[in-house]
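> Sequence first, then the predicted structure, then my questions.
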Amino acid sequence: MRFLPLVFSLILASVAHAAPSEAPEEASRSLVNIPGLQQVQVVGQTVGSKATELVTNALGFLGVPYRRGGTSADTGFDCSGLVKTVYEDTLGMVLPRVASQQAASTEKIDRQELKPGDLVFFNTMRRAFSHVGIYIGDGKFVHAPRAGAEVRVESMSVAYWKKRFNGARRVLAGEDAELASDTAVAARINTTSIR
């Protein structure tokens with residue numbers, strides 16, 4: 001999240017530099033075409049405020065390198081470290097450090113019930129709940145995949161993830177779980193431009 005204001009400042013500066021004669025409304029229309037920005041804005045309009053913050057904060061870590069045992073944007077994240085950090089920084093909720101413990105300490109839900117901000121778990125190491133990500137809607141999740149990679153968004157319909165999916169969990173409860181249905185989010189969000 002620390003980098004988000006810098007990114008937006010750089011985007012604004014490049015738009016202003018690239019087209020100094022544009023009217024302000026034309027320049028702001030150009031910002032809507034930046035991959036990821038429109039999706040974050042739409043998520044903010046369609047899901048509950050807590051889930052919006054979770055998704056926005058998680059997307060703010062895109063590009064942070066994977067680091068086994070990592071729990072910081074400065075040094076890198078592993079999958080459960082990313083989830084733990086996003087929930088703690090956004091909501092002040094302290095989740096367990098390990099993916100399997102995160103699964104055990106949260107509410108089991110069906111895949112059809114997934115809403116932005118929920119956790120999705122995968123069996124990537126021949127054991128249940130060995131990988132975790134944060135569902136962002138439209139069948140996609142943000143996660144720290146593996147050594148040599150960076151935090152990114154992927155589709156759960158990709159064969160690799162589809163084959164290894166082994167559960168969904170909800171952390172938010174009660175009023176905090178006022179999330180829009182995934183179909184409402186999917187109808188308004190095109191996350192295919194987020195990579």
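Thanks, I have the structure now. Numbering: from 1, shown residues only.
> What ranges does the protein have for its strands?
Here the chain has its strands, by DSSP state E, at 71-72, 76-77, 107-109, 119-122, 131-137, 140-143, 152-155, 165-170.
> Residues contacting the fourth one, please?
By that I understand strand 119-122. The contact list for strand 119-122 (Cβ atoms under 8 Å, 6 or more residues apart in numbering) reads 83, 99, 102-103, 106, 114, 128-135, 141, 156, 161, 164-171. The way it works is simple: take the backbone N, C-alpha and C, and place the C-beta from them, glycine included.
> tell me the most buried of the strands of the chain?
Highest mean neighbour count among the strands of the chain (mean count of other Cβ atoms under 10 Å): strand 131-137, with a mean of 28.
> what is the mean pLDDT for that one?
The average pLDDT within strand 131-137 is 97.
> contact partners of it?
Contacts for strand 131-137 (Cβ under 8 Å, 6+ apart): 43, 47, 54-55, 58-59, 79-80, 82-83, 86, 99, 102-103, 114-125, 141-143, 153-154, 164, 168, 182, 185-186, 189, 191.
> quick revisit: will you turn the strands of the chain into CSV that also has distance to residue 93?
Putting the strands of the chain into CSV (distance: least, Cβ to Cβ, whole Å) gives the following:
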stretch, distance to residue 93
strand 71-72, 14
strand 76-77, 17
strand 107-109, 13
strand 119-122, 12
strand 131-137, 13
strand 140-143, 17
strand 152-155, 22
strand 165-170, 12
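> Nearest to residue 90 among those would be which one?
strand 131-137 (10.2 Å; Cβ to Cβ).
> Which strands border the closest one, and is each parallel or antiparallel?
If you go by DSSP bridges, strand 131-137 pairs up with strand 119-122 (antiparallel), strand 140-143 (antiparallel).
> Format the CA atom coordinates belonging to the last one as PDB.
This means strand 140-143. Output in PDB follows, covering the C-alpha atoms of strand 140-143 (Å, rounded to 0.1, in the frame of the first residue of the first chain):
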ATOM      1  CA  LYS A 140      -9.800 -14.600  -9.700                       C
ATOM      2  CA  PHE A 141      -7.500 -14.400  -6.600                       C
ATOM      3  CA  VAL A 142      -4.400 -12.600  -5.600                       C
ATOM      4  CA  HIS A 143      -1.500 -14.500  -4.100                       C
END
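> quick one: which of the strands of the chain is nearest residue 92?
Going by Cβ to Cβ, the one of these nearest residue 92 is strand 71-72, 15.5 Å.
> List the strands paired with the closest one, with their directions.
strand 76-77 (antiparallel).
> List the contacts of the partner strand.
61, 64-67, 70-71, 85, 144, 151.
> Could you identify the buried members of these?
61, 64, 66, 70-71, 85, 144, 151 (16 or more other Cβ atoms under 10 Å).
> out of those, what pair is the most spread apart?
That would be 66 and 85, which, of the buried ones among the contacts of strand 76-77, are the farthest apart (Cβ to Cβ) at 13.4 Å.
> Show me the shaky parts of the chain.
Per-residue confidence for the chain (pLDDT under 70) gives these ranges: 1-48, 172-195.
> ranges for the helices of it?
4-18, 24-32, 37-46, 49-59, 79-91, 99-104, 159-164, 182-188 (DSSP state H).
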